[in-house]
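>>> My questions are about this predicted structure, shown below with the sequence.
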Amino acid sequence: MSTPRDATAVGRGGTAHGTGHGGDYQPVFVGKVLEELETVLQRYPNKQAALLPTLWIAQREHGWISDRSMAEVAELLGLTPAYVKGVVTFYTMYHQHPVGKNFVQVCTTSPCNVCGAEGVVKAFLEHTGAGDAGATSPDGKWTIIEVECLGACGFPTPVLVNDDFLENVTPEKVPELVRKYR
Amino acid sequence: MADGLITLTIDGTPVSVPPGTLVIEAAKQAGVLVPHYCYHPGLPVAGVCRMCLVEIEKAPKLAIACATTVTEGMVVKTQTAPAKDARRGVLEFLLINHPLDCPICDQAGECELQDFVFQEGQSGTRYAEFAKRFNPVEDFGPDVLYVPNRCILCTRCVRYMEDVAQEPVLNVSERGDRAFIGIHPDARLDHPWAGNVVDLCPVGSLLSKDFLHKARAWELDKTASICTGCSQGCSITLDTRDEVVVRVRPRPNLDVNRYFICDHGRSHYRWMNRGDRIEAPLVKKDGALHATDWDEAFARVLSILRGASGKAVALVSPGASNEALAAAKQLLAGFQWTGAFQVVMGEEAPLPGVPNLALRAERAPNAKGAENLGYTRDYAQALEAATGAAVVLVLDDPDCSVETNGALIYLGTVLGADAPCRRADVVLPIANVAEEEGAFTNRDGREQRYFQAKPAPGMAQPAAWVLEQMVKAMGTARVA
Amino acid sequence: MGFPHKPHAKETVVLSQYFGDADARTLKGWTKRGGYAALAQALKMDPAQVTEVVKESGLRGRGGAGFPTGLKWSFMPKEKKKAHYLCVNADESEPGTFKDREIMRWTPHGLLEGTAIAAHAIRAEVAYIYIRGEFTEPWTIMTRALEEANAAGVFGSIKVYLHRGAGAYICGEETALMNSIEGKRGNPRIKPPFPAAAGLFGLPTTINNVETLAAVPHILNRGAAWYKGLCLSNPKSTGTKLFSVCGNVQRAGNYEVTMGFPLKGLIYDMCGGPPAGRTLKACIPGGSSVPILTREETEACLLDYEGVVEKGSMLGSGGVIVFDDSADMVYQIMRLARFYAHESCAQCTQCREGTAWTTKIMERILAGQGKTKDLDLLLDLSENMTGKTICVLSDSCAAPIVSGIKKFRGEFEAYLAGKRQPVMVG
């Protein structure tokens, strides 16, 4: 899934709070995307129920969900921006800040933990230069985070790189993966 | 289950309540206050704080009283060891991140966390080695500050804005122990009824900027009153300290305002503390007003009234009490009488979640009472009639710009140096709503009493008293 | 099938028959293998009849609660006055569990078929399949399968939609799942009301797990008596179960066995036991929310609902997490506590604060700053966190703590005495 993401948006700082689009905000739901939203709305008896899929679309288009995007979504669905924000902050897969070009989620919950998951995290951090887990690498290409159980405990360690669900990742395989995705 | 009620036992006391009653409400009838935070009779049930855990015979687990409906023969025990241990546990969990702010927290003395910890909590903490969660104070809007560190996430404020104010401008943000009450950066808590979240907050997390660090709860005297902000007639409590009104809060009244008042009424109290009051009766001598005593002032009024005949015009405030308005009319019983008032109008602002409740367009508490007593809204016409009237009585209308060839009697709390009524023959100082007892009739025809919260300054007296003294002296029979 | 390994002789292959067979994912492939015959049959039956068959089979919820499925369906209103809903719980997030994922990846049409049959049985007009956000591959496969099924019109008038989660374990709780579909925070609801009375959008709703529904077409095809007959121990636990075995085992994977199968056989015979040179130390049999079993308890345990209860734990989701003697129990229990602290929705005081406090105490013990009284404190907190909240997440945090301190106290005491430090695995 190719997502137009501005890799240089990361590392500029100053996008912690507020609308953070630094300039003109381009609405998400226009043209084909608006059509897509119409299809989504058909699936639910009211607009509020379409909130999660709508947020996924917003994140797909912009790479993250800013306060401004939340306001746009809120208006489309007849909700308040505060309400939408309450929902966005509940679900950990919605990004409230821009992330690196490659968003890497490594499971470190116990079943994977006993199989060396933390070593995989360490390898990613080393080979991408991302520093602390959750930080974005200086070149803006990687954000590495530890996540909870990814539901692939039999294939330790599962790693999500953007939407690619990788299995059986070991520290030895990490350099090759980093090369492939860079 | 005779007469359709359900009988159950709470801590040994039998009570009978209608079907559908919550255990926490039934307990009140048994004289039992089940500790709680998130529950509020004016809000939808949430069941999240877990503070109201009670033991119910034959139930496998403790139950929350706020979400359990009564059944026939139910036996509820709130003071058993498992129930008390569970509640003590909840309090301990609430306190681990709650700062020791009591010495600087506005809520101290009227804080439900203090109250229940004192009643049922433990005296020491077991969380000593860890840092408490910290977030900076946030300004939510015109009057409300949010102190996240003190928040116990009862969500009363969120539910109130969503369900009662019907403007979901507050949310719960994040998850787990990172959660806090949030607001979208583009939003402000400026709903006309938003101030109620400060009252609803059981702790000192949501604070009124107006009241911030102003007074301690235990210094306050509380008096039942009626709001004078509009014609809705909400029940309020006037909180005074050292005879100064420092805060207005709603008083529960299931028939009018339930548990809420609007921000206009809430902030509409500073005028009650004005210092520039008329403190003595004044009579005109040699073209100027001179201070005197009540006897001389009454004597002057009576001599005016006995010596006049023909038309009398009363220009009154729609904020005067029913008693005062009635006595004012009675005093002028011997004349061809016109009585009128004018009301300041504003925008109506309903509280959608409560039927028939709004900040009303009429910004005065007793227009209806005045109407009931025969006063009209034809103020302009009354002003006209006053020009040729023998006697003009002005009651609590400081900006009244009446011009008359007859005598002018002015009853009021203030009289500005350039006020038109400075040319009055007699000026009688009266008490304001916080300084007297009286009654207003709200827009629905409901007569409600208010009580005295502080003394009137100087020699000022309630307008009703002033007028009734003169009525008695006139010897006129009381108007029915 | 012991997927991804070769099927083991002792497996009872029903749900996992086509795991690894890419052709079975397509509508054509599924139909060729006998798929959608059960649905066609069910649509001709009276809904109550379908429920009876499932009741008779003894099928119980495979998501973790083990509630009899037919009985759950029968809770829906007898008189149809309002719209009914079916929710399929594909939020699989219980640590140690990875079976629903495989069902969706390999037999998406099997799940769709079971969904449609269930919807028919409970007279639901609409079914939502709630798939956790991280399951990107199952999402793609299910989307394609759904398109095929819709194009072929196999569902009749029943509408089936996919709904994507966004990263919240708690949305696997049935009432939180409904809130999430409604576009709200994934907060569990207080019960009553129960979903069958007022569920999704306030209307009568049934929520079923993926594995539960995947079994339904097989039950219809081969009969309730057949399913009921698949039972090695307690007659109240029938059919097959996919056990997701993971952790310190040689051949981790999903293994499908008949209810009542010995846990010892599963771990040693099928999975090859711990890596060479290591010995079994502990096992969590039903996903991380159930009490930990010692080696003795593990090796004597039969895998059905009653059998695991007898050993002091629960069958749960069937996520079997195996720890060998190299595992640091204290560290892993801390890691589980941290999981629950991360996933707490924040509604209930005990869970919101207790999961975080528990984690902090555990971290401090691992950092060498623990005190003996910390163990009593942990047990006391766990007691305050059990049986007193809207949902059982806080109970789930307490389970490994209580069983861990009870059964592996020595490992805790080693940390308290300063004799041990955590070492990163791998």
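Cool, the structure landed.
>>> quick one, what contacts the residue of chain B found nearest chain C?
Nearest residue of chain B to chain C (CB to the nearest CB) works out as B:G89 at 3.2 Å. No exception for glycine: its C-beta is placed from N, CA and C like everyone else's. Under the criterion of CB atoms under 8 Å, 6 or more residues apart in numbering or on different chains, the contact partners of B:G89 comprise C:Q350, C:L381, C:E383, C:N384, C:K388.
>>> Where does the closest residue to B:A382 other than its chain neighbours sit, in terms of helix or strand?
Nearest residue to B:A382 in three dimensions, chain neighbours excluded: B:A340, at 3.6 Å (CB to CB, 6 or more residues apart in numbering or on different chains). Counting by DSSP states H and E, the element that carries B:A340 is strand B:336-341.
>>> Mind checking the pLDDT average for the next helix or strand after that strand?
Counting by DSSP H and E, the next helix or strand C-terminal to strand B:336-341 is strand B:349-350. Taken as a whole, strand B:349-350 has a mean pLDDT of 98.
>>> ok so, going back, out of the contacts of B:G89, who's nearest B:T13?
Nearest to B:T13, judged by CB to CB, of the contacts of B:G89 is C:K388 at 24.9 Å.
>>> any idea how far the residue in the stretch 251-400 of chain C that chain A sits nearest to is from C:G273?
In the stretch 251-400 of chain C, no residue comes nearer to chain A than C:A252, which is 4.0 Å away by CB to the nearest CB. Using CB to CB, to the nearest Å, C:A252 is found at 12 Å from C:G273.
>>> same check, this time on A:T157
21 Å.
>>> Compare these two (neighbour count), which wins?
Just comparing A:T157 and C:G273: by other CB atoms under 10 Å in any protein chain shown the higher neighbour count belongs to A:T157, 28 against 19.
>>> What's the local residue count around the closest residue to chain B within chain A?
Closest contact between chain A and chain B, by CB to the nearest CB, is at A:G86 (2.7 Å). Neighbour count for A:G86, taken as other CB under 10 Å: 26.
>>> what about it, which SS state?
Under DSSP: H, G, I helix; E, B strand; the rest coil, A:G86 falls in the helix class.
>>> what's near enough to touch it?
B:N171, B:V172, B:S173, B:G182, C:R185.
>>> Which of those residues sits closest to B:N322?
Closest approach to B:N322 among the contacts of A:G86 (CB to CB): B:N171, at 45.3 Å.
>>> picking up where we left off before, which ones among the contacts of B:G89 also lie next to chain B?
The residues of the contacts of B:G89 that also fall near chain B, by CB under 8 Å from any CB of the partner chain, are C:Q350, C:L381, C:E383, C:N384, C:K388.
>>> Scan these and report the most crowded one.
C:Q350 (30 neighbours).
>>> Which SSE is immediately downstream of the one helix or strand that residue maps to?
Secondary structure from DSSP H and E places C:Q350 in helix C:349-366. Per DSSP H and E, helix C:349-366 leads on to helix C:373-384 as the next helix or strand towards the C-terminus.
>>> Show me what counts as buried in that following helix.
C:D374, C:L375, C:L377, C:L378, C:L381, C:S382, C:N384 (16 or more other CB atoms under 10 Å in any protein chain shown).
>>> quick one, the helix or strand following that helix and helix C:373-384 angle?
Where DSSP H and E defines the elements, the next helix or strand beyond helix C:373-384 is helix C:393-407. For helix C:393-407 against helix C:373-384, the angle by axes from the mean of the first three to the mean of the last three CA atoms, to 10 degrees is 140 degrees.
>>> Show me which residues of chain C are close to chain B?
So far as CB under 8 Å from any CB goes, chain C lies against chain B at C:168, C:185, C:190, C:341-350, C:352-357, C:360, C:364, C:369, C:377, C:381, C:383-384, C:387-390.
>>> Check whether C:C246 really touches C:G318, as I assumed.
No: look at C:C246 against C:G318 with CB atoms under 8 Å: they stay out of range, at 11.3 Å.
>>> Which strands or helices does the helix holding C:Q350 pack on?
With contacts taken as 3 or more CB pairs under 8 Å, 6 or more residues apart in numbering or on different chains; DSSP states H and E, helix C:349-366 sits against helix B:81-96, helix C:329-343, helix C:373-384, helix C:393-407, helix C:409-416.
>>> Report the backbone C-alpha coordinates of the last one in CSV.
Yep, that's helix C:409-416 we're talking about. Provided in CSV are the C-alpha atoms of helix C:409-416 (Å, rounded to 0.1, in the frame of the first residue of the first chain):
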residue,chain,number,x,y,z
ARG,C,409,8.1,-17.6,45.0
GLY,C,410,11.7,-18.7,45.0
GLU,C,411,12.4,-16.7,41.8
PHE,C,412,10.9,-13.6,43.4
GLU,C,413,12.8,-14.1,46.5
ALA,C,414,16.1,-14.4,44.6
TYR,C,415,15.5,-10.9,43.2
LEU,C,416,14.5,-9.6,46.6
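>>> ok, and what's touching it?
When contacts are defined by CB under 8 Å, 6+ apart, helix C:409-416 is touched by residues C:328-330, C:365-366, C:368, C:370-372, C:374-375, C:404-405, C:420.
>>> Equivalent analysis for the third one, please.
The set of residues external to helix C:373-384 that reach it, using CB under 8 Å, 6+ apart, is B:85-86, B:89-90, B:92-93, B:126, C:350, C:354, C:357-358, C:361-362, C:364-365, C:397-398, C:401-402, C:405, C:409, C:412, C:416.
>>> just to revisit the earlier point, nearest to B:V402, of the buried residues of helix C:373-384?
So of these, ranked by how close each gets to B:V402 (CB to CB), first place is C:N384, at 71.7 Å.
>>> so, in contact with chain C or not, stretch A:38-48?
Yes: using CB under 8 Å from any CB, stretch A:38-48 reaches chain C at A:R43, A:Y44, A:P45, A:N46, A:Q48.
>>> how long is that stretch end to end?
13 Å (CA to CA, to the nearest Å).
>>> Then stretch B:230-244?
22 Å.
>>> Buried only: go through the residues of chain C next to chain B for me.
Buried residues within the residues of chain C next to chain B, counting neighbours by 16+ other CB under 10 Å: C:168, C:185, C:190, C:341-350, C:352-357, C:360, C:364, C:377, C:381, C:384, C:387-390.
>>> What separation is there between the residue sitting furthest away from the middle of chain A and C:I129?
Here chain A reaches farthest from its C-alpha mean at A:P45, the gap being 27.9 Å by CA atoms, centre = their mean. Going from A:P45 to C:I129 by CB to CB gives 17 Å.
>>> Tell me who's in contact with A:V161.
So A:V161 contacts A:N102, A:F103, A:V104, A:L177, A:Y181 (CB under 8 Å, 6+ apart).
>>> of all those, which two lie farthest apart?
Maximum distance among the contacts of A:V161 (CB to CB): 13.6 Å, for A:F103 and A:L177.
>>> wait, doesn't C:G286 sit right on C:G312?
No: here C:G286 lies out of contact with C:G312, judged by CB under 8 Å, at a distance of 11.8 Å.
>>> between the two, who's got more neighbours?
The neighbour comparison of C:G286 against C:G312 (other CB under 10 Å) goes to C:G286, with 27 against 16.
>>> Now the more buried one. Nearest residue, chain neighbours left out?
Nearest non-adjacent residue to C:G286 (CB to CB, 6+ apart): C:G316, at 2.4 Å.
>>> give me phi/psi at the one you found?
Here the main-chain torsion angles of C:G316 (degrees, to the nearest 10) amount to phi 50, psi -130.
>>> swap in the one 5 residues further on?
Phi and psi for C:I321, reported as degrees, to the nearest 10, are phi -100, psi 120.
>>> quick revisit: which pLDDT value does the model give the residue of chain A closest to chain B?
97.
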